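> Show me the folded form of this:
(one chain, ligands or ions: 2)
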Amino acid sequence: MERPEIGVLGAGAFGTALAITLARAGRRVSLYARDEAQVDRMRTTGENAARLPGVPLPPSLRPTAAVAEAAAAPILLLAVPTQTLRRLAETQAGALAGRTLVACCKGVELGSGLLPTEVLEQAIPGARTAVLTGPSFAVDIALGKPTALTLATAHRGGEALQAELATPDLRLYLTEDALGAQLGGALKNVIAIAAGVVLGAGFGESARAALMTRGFAEIQRLAESRGALPETLAGLSGFGDLVLTCTSEKSRNFRHGQAIGRGELPDGAQTVEGVMTAHALAADGDSDTLPVTCMVSALLKGQVSLDEAKDLLLSRPLRHERG
Ligand SMILES: NC(=O)C1=CN([C@@H]2O[C@H](COP(=O)(O)OP(=O)(O)OC[C@H]3O[C@@H](n4cnc5c(N)ncnc54)[C@H](OP(=O)(O)O)[C@@H]3O)[C@@H](O)[C@H]2O)C=CC1
Ligand SMILES: O=C(CO)COP(=O)(O)O
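Ligands and ions are numbered 1, 2, ... in the order given. A predicted model of the protein is given here:
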């Protein structure tokens, strides 16, 4: 029996990488980009030079600028930045209705404080949603390097979806805890910005390790207070992705922080999810529960200097490590 087609909406680095690994595994995949010129270039050159240069697109991957064509598939991967997800979902609500919608973005929506699947469920009432998240750089997936991710869905049919989306190189672990998977993925980007700042400013690797550990405590505190499972946060979508993003210069969030730490201007053209997520969470949180997140938000807004941020974090009252 022929397996269902998969539509990927958003031809950025991650969407293209997911489309490539699925197509390479023999799946029929269509990849929607909103820019017709980009689609033409992908068709003629056989690569997505703008977002994932140097990786050939398999023949069974069909780039398209017609959203209805990609959205005809029963399973759709939505791989756009979190802050643009609502616009995509609302403008294409008719085409997306009745499909399984897998959010492939990591962040919290500014203004609403909602997570990607919550945005989708608000924009498309009754939507069957899932989230694909965890430690993976798009280029690694695209090149067929071994990768493991979390597929989280609170809806029925998770195992079937897991079987449809796993490839020989991309191993998927399933959980029903979509909340925990999304909070871990969103917050690790904020902590990665802070880790970049720490190294960029020359505070050293010991400081980064401390920051990652206390950042993880912050992720656990926030997520568990909202009902996330501790094991989700200790898994790929939480701890796993925190480690990857805080320790690699391939991470845009890390590099963004590193530039700030060095006193340089970050590359404004990149998708850096942790920026808006920090502001979204800080707007709703307090510096006792979310000390690193609130400080990252204040630093990004220019409300504190780098030295003030360091001094303020270090001079807080001493506390027990637990909690
Ligand atoms: N890159 C990576 O290694 C990984 C990324 N992710 C996550 O994936 C998400 C996307 O990131 P990534 O792919 O890297 O980002 P990129 O910056 O590479 O690309 C974003 C893409 O989204 C497209 N887009 C934005 N709005 C819309 C819209 N309304 N309709 C259609 N397309 C739209 C952009 O199109 P246009 O070019 O026309 O603006 C662009 O192609 C983020 O949440 C990120 O955290 C997760 C794991 C790994
Ligand atoms: O989410 C990612 C790795 O898992 C990609 O990280 P950046 O968005 O920081 O590049």
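> Tell me the predicted confidence for the residue in the stretch 101-250 of the chain that ligand 1 sits nearest to.
Among all residues of the stretch 101-250 of the chain, C105 sits closest to ligand 1, at 3.1 Å; criterion: Cβ to the nearest ligand atom. Where you see a C-beta, it was placed from the backbone N, CA and C, and this is true even at glycine. Model confidence at C105, given as pLDDT, is 98.
> what does the one 10 residues further on give?
We note a pLDDT of 98 for L115 in this prediction.
> ok, it - contacts?
L115 makes contacts with V108, E109, A178, L179, Q182, L183, A186, as judged by Cβ atoms under 8 Å, 6 or more residues apart in numbering.
> before we move on, what about L78?
For L78, the set of contacting residues under the criterion of Cβ under 8 Å, 6+ apart consists of L9, G10, L85, L88, A89, L101, V102, A103, C104, C105, P116, L120.
> Ok, G26 next?
Residues touching G26, when contacts are defined by Cβ under 8 Å, 6+ apart, comprise S60.
> was I right about T100 contacting L77?
No - contact criterion Cβ atoms under 8 Å: T100 and L77 do not qualify, at 9.6 Å.
> Look at those two and report which has more neighbours.
When neighbours are counted by other Cβ atoms under 10 Å, T100 and L77 differ, and L77 comes out ahead with 26 against 22.
> Now the more buried one: which helix or strand?
Using DSSP states H and E, L77 sits in strand 75-78.
> is that strand up against ligand 1 anywhere?
No - Strand 75-78 stays clear of ligand 1 (Cβ under 6 Å from any ligand atom), getting no nearer than 9.0 Å.
> Next: stretch 38-48.
No - contact of stretch 38-48 with ligand 1 is not found when judged by Cβ under 6 Å from any ligand atom; the minimum separation is 6.6 Å.
> per-residue confidence averaged over that stretch?
The average pLDDT for stretch 38-48 rounds to 98.
> Same check on stretch 122-135?
The predicted model assigns stretch 122-135 a mean pLDDT of 97.
> Now do the buried residues in that stretch.
Residues A123, I124, A127, R128, T129, A130, V131, L132, T133, G134, P135 are the ones in stretch 122-135 that count as buried (16 or more other Cβ atoms under 10 Å).
> do it and ligand 1 meet at all?
No - judged by Cβ under 6 Å from any ligand atom, stretch 122-135 makes no contact with ligand 1; its nearest approach is 6.9 Å.
> How far off centre is that stretch?
With Cα atoms, centre = their mean, to the nearest Å as the basis, the distance from the averaged C-alpha position of stretch 122-135 to the chain average is 13 Å.
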